[in-house]
Every structure is written in C-alpha cells, then in structure tokens.
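Asker: with the sequence up front, the predicted model follows.
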Amino acid sequence: MTKNDLRDKLDGDELDLALLNLSEVPVKEIAALPRAVKIDLSNNQLSSLPLSFAKQLSHITRLELGSNKLTELPSNFGNLKNLRHLDLYNNKLEDLPVSLCQLTNLRWLDVKNNPLNPKLKSVLGDCLNQKECEIAAKNLIVHLKKVESELEREKQKKLKEERDREAMKHRQEEEEKARKRAEKKAAKERKKAEAQAQAKPVVVNGSVAEKEKKVVEETTVVPQKKAASKKSSISCLGIMNWILFILLLVGLGGLIYVHTEGDLSVDALLDAVPRIISNGEILIEEVANALSFETLQEIPSRFYNNVIIANAVAVNEVLIEYGVDLVEWGKVISEFLSEVWRATYDITTDVYEWANDNLDIESIKNGIMMGFTFLYEQLLVVKEELGKNEAFMSATEPIRHYGAVIVETASDVLAPVWGSISWIFVYIQEEGPGMLSVIQEQATSVYTSARDSIQELVK
C-alpha cells in the first residue's frame, strides 16, 4: 500500500484502514502522514505488530485493533505515550506487556473476547460499557506498575545473588591461592632445614673459625664507616647552613640599621619599612625597564655585544610567536611580589598594633623572665642537692670529667669565632654612627648614578 493510497483513506486526523485484509501494518507509510493521530486497523488479519510501530507512531492518540489475530503486543508498546483510546477487542491475547504501565494518558480500554490469564482478566473486568472500559484503563496502569515493581525487585534480587556467588567464588579462589602459597612456603622451609642439617663444615687448621671471624669484622666495620661518613656529611651541611643563616641575619641587620639610622625602636622600625618597600619597588621597576628588549636594542654596542643583543631579540621573537611575552611576565611577577610585600607589611602592622593595644608586653616579658628565673633557681637547688649525694657524684665522675674536656675543647675552638663576632658587634656599635653617614652618602650616590644610567638607557 502506497502513501497515496493511504492519503485516500485519511479523513481529517482519522486514518481508516479497517476491512482491508491486511496481514502487516504499513508503518512507514502511516508515519509519513503525521496528521493521522487516530488509526483504525480493526477487522484485518494482523497476528503481530512490529517494534517499529510503537517507535515511529508515538504521536497517535486513538488505536483500533479489534477483530484481528493478535497473539501479543510488542514489548515497546509503552512508547505510545499519547495514546488515550485502545481497542483490543476479539483477539488472541493471553497477556499484555509490562510497558503498557507507561501509557499514563490512557482513558479507555477494551480487551473483551481475549483468552487473558485469570489474574489480568479479574483486574480489567468485563468492559461491557463506557464506564467499565474507563475503569479497565485505570486498573491496567495500576496493576502493571505493581508488576513492574515486582519484576524490578526480582531483578535486583537475582543481581544480588549473582554478586554474592561471584564474591564467594572469588573468596574461595583467594583462599585456595593462599593455601597453595602456604604449602609452597612450608615445603621450601623443609627443604632449607634439610639442607642445613645435612651440611657439615670441614675445619682445616681453624680456617672456618678464621673466616667467620673475618666476616663478622667486615660486617661490623662497613656500617661503622658508613655511619662516620654520614655523620661527617651531616656536620658539614649543618655548618654551612649556620654560616648562611648568620650571613643572612647580618645582611638583614645591616639593611635595617641603615634605614633606621641606628634607632632600633619599634616606631623607627615601622617608619623604615615603607622606605624599604619603596626602594625595592623602584629598583624592581628600573631593572625591569633596563632589561626590556626594546631598551637592549637601543643600548650602544660599547656596552653590550651586538651578537648577544641579536640572539636575545631572536629568542624574544620566538617566545612572542608562542604567546610568551617576557616583559609582560616580568611586570606580572613584579606586581605580584609588590602585592605580597604590601600584604605582609599590612598583616605585620595589624598584628603589632593588636598586640600593642590588647596585650601588656611588659607583663609578658616580666612573666617570661620570672619563669626562667624560677627554673634557674630550681636547677641550682637540684644541683646543690645532687652535689651532697656521694653515690651520685661518684657515679657521674667520668661523665663530668669528659664533659669538662668537651667544654674546654669547644671553648678553645669557638673562642676565636666568638671573639671575631664580638669584635664585629663592638666595632659596629662604636663606629656605626660615623660609618652610617658615609654609607648613606655612598649609597645615595650609587643609587642616583644607577638610576640616572638606567633612565638614560631606557630613554
């Protein structure tokens, strides 16, 4: 049957295909007539419906399938979600697919003269009039939803049982593997024990004992050498760290001393921090300008080699092609460091102001000093009491002897170092005010000269 033939059967939104002796439904041709939402296929020779029926005709609202030879409906029949009227009168249906529970718009159903199973037949009733057919539609939806829930529970139960069986099988396999590993290990241990029992060392002029003694000495000496080497490396690393730490403190102290003009009070320190930040920002900005590629290109050749400039420019062009601008990145990093510096300064200032307003610094200092004084006095008492105990003094005599030797040796070693450090502090204390003016003048001169040179290069 062609599309034109079907068009002749179309009246408004109703497509009348009854009494045509059809054995198959022309699904494709019907789907080509989207206006047809009410389809009459009654009094034909249909024994089944294809899956494509519910898939391509989901827009229909009325379906007449009475007086055919249908033995079942497709499993996806529930796709006809817009269906409101369904006539299955006088077929050979024994059951209905569970998917019909999705037909929530269904308002009329007739399933008379079908060999339905007794339970479904009792749910749907006789459908002898309009009212009973409407009730049958509602009852069908409710009943099939319950059936769907039961089927889902059965499905989940079967899945759980299957998972439990798989888990039990896996556990048994693991236990079997563990048993085999244990048996293999036990067999290996037995063989090892048997081999040791059968082995009999041959002693020739005490050679076995000498070899064993040599092995013991080697196993003892090697770890001692490794420990000594490790201790030496750790000691050297610790000394280097201390030296770097002392240099850092000296540099930081010198920076603060110069900017505070020798006044180490809290107010002077707070006044000096903005100057330090300002000088640092100026230096970062001038260096960034001096190192820009535009500036490097304008610098006379007597200051830099032309080859270096050319290579730098080439590298910069390659980086720009890949979207990397060193100047912009330098500015971003400079701004980020400036923000971090300002944030650190603000936080430090807020903490100091809060502590100064809410805490009694003098009381805290006095409390700490009192605590240390108390501990020191208690230590003196303990020392005095232990000094009266002859047994203790006798037992600790070797320790005190070697302790005195260690202290004396340390004093001899550290005395020159401490003397140098003390001399540095004394020299700074005595000559600091005079040196400060000289350093400031020199620093101002160097800074001014460097700034002028950098500005000239930038221009």
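Answerer: Cool, got the structure. Since this is a predicted model, take the numbers as computed values, not measurements.
Asker: I'd like the mean pLDDT over stretch 196-206, please.
Answerer: Mean pLDDT, stretch 196-206: 55.
Asker: er, stretch 365-378 I mean
Answerer: pLDDT averaged over stretch 365-378 gives 79.
Asker: list the contacts for residue 402?
Answerer: For residue 402, the contact set (Cβ atoms under 8 Å, 6 or more residues apart in numbering) is empty. From N, CA and C alone the C-beta is placed, and that goes for glycine too.
Asker: how's the protein carved up into domains?
Answerer: 3-153, 396-459 (automatic domain parsing).
Asker: residue 375: which of these is closest?
Answerer: Residue 375 lies closest to domain 396-459 among the domains of the chain, at 20.7 Å (Cβ to Cβ).
Asker: would you mind finding the most buried of the domains of the chain?
Answerer: Using mean count of other Cβ atoms under 10 Å, the stretch among the domains of the chain with the largest mean neighbour count is domain 3-153, at a mean of 17.
Asker: related to what we said a few turns ago, would you turn the domains of the chain into CSV with mean pLDDT?
Answerer: Listed next are these as CSV, based on pLDDT from 0 to 100:
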stretch, mean pLDDT
domain 3-153, 90
domain 396-459, 66
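Asker: closest to residue 246 out of these?
Answerer: Of those, nearest to residue 246 by Cβ to Cβ is domain 396-459, at 8.3 Å.
Asker: so which residues of the stretch 151-300 of the chain form strands?
Answerer: In the stretch 151-300 of the chain, no strands are defined using DSSP state E, counting those that start in this stretch.
Asker: what do you get for the stretch 1-150 of the chain?
Answerer: Counting by DSSP E, counting those that start in this stretch, the strands of the stretch 1-150 of the chain are 10-11, 14-16, 38-40, 62-64, 85-87, 108-110.
Asker: need the ones you listed in a markdown table (columns: distance to residue 394).
Answerer: As requested, these are exported to a markdown table (distance: least, Cβ to Cβ, whole Å):
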| stretch | distance to residue 394 |
| --- | --- |
| strand 10-11 | 124 |
| strand 14-16 | 121 |
| strand 38-40 | 117 |
| strand 62-64 | 114 |
| strand 85-87 | 112 |
| strand 108-110 | 111 |
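Asker: of all these, which lies closest to residue 102?
Answerer: strand 85-87 (12.9 Å).
Asker: same for that closest one, what does it pack against?
Answerer: strand 62-64, strand 108-110 (3 or more Cβ pairs under 8 Å, 6 or more residues apart in numbering; DSSP states H and E).
Asker: which non-adjacent residue is nearest residue 101?
Answerer: residue 144 (3.6 Å; Cβ to Cβ, 6 or more residues apart in numbering).
Asker: surely the one you found and residue 96 touch.
Answerer: Yes - between residue 144 and residue 96 there is a contact under Cβ atoms under 8 Å: 7.2 Å.
Asker: who's in contact with the residue nearest to residue 128 when sequence neighbours are not counted?
Answerer: Closest residue to residue 128 apart from its sequence neighbours, by Cβ to Cβ, 6+ apart: residue 112 at 7.8 Å. Counting by Cβ under 8 Å, 6+ apart, residue 112 touches 89, 90, 126, 127, 128.
Asker: let's see that with 10 Å instead.
Answerer: By Cβ atoms under 10 Å, 6 or more residues apart in numbering, the contact set of residue 112 is 66, 87-91, 124-128, 132-133, 136.
Asker: could those be laid out in TSV, adding distance to residue 397?
Answerer: What follows is the contacts of residue 112, written out as TSV (distance: Cβ to Cβ, whole Å):
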residue	distance to residue 397
66	120
87	117
88	113
89	119
90	121
91	116
124	110
125	112
126	117
127	116
128	121
132	116
133	115
136	111
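Asker: follow-up on the earlier one: the residue nearest to residue 101 is in contact with residue 109, isn't it?
Answerer: No - Residue 144 is beyond contact range of residue 109, at 11.5 Å (criterion: Cβ atoms under 10 Å).
Asker: which residues do those two both contact?
Answerer: Shared contacts of residue 144 and residue 109, counting by Cβ under 10 Å, 6+ apart, come down to 96, 100, 103.
Asker: can I get these in TSV with distance to residue 267?
Answerer: What follows is the shared contacts of residue 144 and residue 109, written out as TSV (distance: Cβ to Cβ, whole Å):
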residue	distance to residue 267
96	93
100	89
103	87
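Asker: taking those one by one, which sit in helices?
Answerer: When DSSP state H defines the helices, the subset of the shared contacts of residue 144 and residue 109 inside them is empty.
Asker: and of those residues, the nearest to residue 15?
Answerer: When those are compared against residue 15 (criterion: Cβ to Cβ), the nearest one is residue 103, at 20.0 Å.
Asker: which phi and psi does the closest one have?
Answerer: Per-residue torsions, residue 103: phi -80, psi 70 (degrees, to the nearest 10).
Asker: can you check residue 72 too?
Answerer: With angles defined as degrees, to the nearest 10, residue 72 sits at phi -160, psi 160.
Asker: quick revisit: mind checking the domains of the chain for the one nearest to residue 357?
Answerer: Of the domains of the chain, nearest to residue 357 by Cβ to Cβ is domain 396-459, at 32.7 Å.
Asker: and stretch 155-169, average pLDDT?
Answerer: 88.
Asker: what residues sit buried inside it?
Answerer: Neighbour counts over stretch 155-169 (16 or more other Cβ atoms under 10 Å) mark no residue as buried.
Asker: give me the contacts around it.
Answerer: So stretch 155-169 is in contact with no residue, going by Cβ under 10 Å, 6+ apart.
Asker: and of the strands of the stretch 1-150 of the chain, who's closest to residue 79?
Answerer: strand 62-64 (12.4 Å).
Asker: that closest one pairs with which strands, parallel or anti?
Answerer: strand 38-40 (parallel), strand 85-87 (parallel) (DSSP bridges).
Asker: could these go into JSON lines alongside distance to residue 156?
Answerer: Formatted as JSON lines, those follow (distance: least, Cβ to Cβ, whole Å):
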{"stretch": "strand 38-40", "distance to residue 156": "38"}
{"stretch": "strand 85-87", "distance to residue 156": "31"}
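Asker: where are the low-confidence patches of the stretch 201-350 of the chain?
Answerer: Low-confidence segments of the stretch 201-350 of the chain (pLDDT under 70): 201-238, 240-241, 255, 259, 262-266, 280-281, 283-330.
Asker: one more time with 80
Answerer: Along the stretch 201-350 of the chain, segments meeting pLDDT under 80 span 201-335, 337-338, 342, 345-346, 349-350.
Asker: quick one, phi/psi of residue 66?
Answerer: According to degrees, to the nearest 10, residue 66 has phi -70, psi 150.
Asker: my read: it touches residue 93, true?
Answerer: No - applying Cβ under 10 Å, one finds residue 66 not in contact with residue 93, separated by 11.4 Å.
Asker: beta-bridge partners for the nearest residue to residue 36 once chain neighbours are set aside, please?
Answerer: Closest residue in space to residue 36, ignoring its immediate chain neighbours: residue 15 at 3.9 Å, by Cβ to Cβ, 6+ apart. Residue 15 has these beta-bridge partners by DSSP bridges: residue 10, residue 39.
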